[in-house]
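Undergrad: Just a sequence and a predicted model for now, questions to come.
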Amino acid sequence: MLEKTLSIIKPDAVKAGYSGKIIAMLEENGFVIKAMKKINLTKKQAEGFYIVHKDRPFYDSLTTFMSSGSIIVMVLEKENAIADYRELMGATDPSCAKAGTIRVLYGKNIEENAVHGSDSKESTDFEIPYFFSALEIL
Ligand code: RTP
Ligand code: MG
């Protein structure tokens, strides 16, 4: 089934100049970019996005990191996009992720791990409209 997912290139990867390489990998793997923008989140906006993690010990550090620099937010479309993009990203901790995945190639550590991807249809229903209006998505 043709599906959409939300992807973020996180501040560590944008700062390091990996955006182009990551976007190329997405296209090489069949993902079509339906919307894209580069933005800076406030701490409050990062907290709102990661509200599901509000009780986790890493919430404060994660939202400080996510508001520390520019990010690139994209809506991607493909058959089975949600699961396939999670596979292409690799495990949360780059040191445990499969060879060839984005997090192995471009992630620094369990927090500064280069990319975000929605983990379910319920997540995309919250995450895509968090960043994009219907008119901004092709
Ligand atoms: P994401 O939501 O960013 O796609 O990553 P994920 O599903 O693989 O991981 P999740 O459990 O949802 O965690 C969200 C982000 O929080 C940071 N994190 N830090 N210090 C830690 O133990 C820790 N654990 C997670 C990472 O940036 C992770 O991607
Ligand atoms: Mg997650």
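TA: Nice, thanks for sending it over. Ligands and ions are numbered 1, 2, ... in the order given.
Undergrad: Surely residue 34 is within a strand?
TA: Yes. Assessed with DSSP: H, G, I helix; E, B strand; the rest coil, residue 34 lies in a strand.
Undergrad: I'd like the distance between it and residue 125.
TA: Applying Cβ to Cβ, to the nearest Å, the value for residue 34 to residue 125 is 15 Å. Quick note: C-beta positions are derived from backbone N, CA and C, even for glycine.
Undergrad: Comparing those two, which residue is more hemmed in?
TA: Shown here are residue 34 and residue 125; by other Cβ atoms under 10 Å, residue 34 has more neighbours (16 against 10).
Undergrad: so residue 91 sits in a helix?
TA: No. Residue state for residue 91 (three-state DSSP) corresponds to coil; a helix is not indicated.
Undergrad: what sits against it?
TA: Listed by Cβ atoms under 8 Å, 6 or more residues apart in numbering, the contact set of residue 91 reads 97-98, 101, 103.
Undergrad: how does it look with 6 Å?
TA: residue 97 (Cβ atoms under 6 Å, 6 or more residues apart in numbering).
Undergrad: That one and ligand 1: what is the separation?
TA: 7 Å (Cβ to the nearest ligand atom, to the nearest Å).
Undergrad: again with residue 19
TA: To ligand 1, residue 19 is 16 Å away according to Cβ to the nearest ligand atom.
Undergrad: What of residue 60?
TA: Taking Cβ to the nearest ligand atom, one finds residue 60 at 11 Å from ligand 1.
Undergrad: Good, we can wrap up now.
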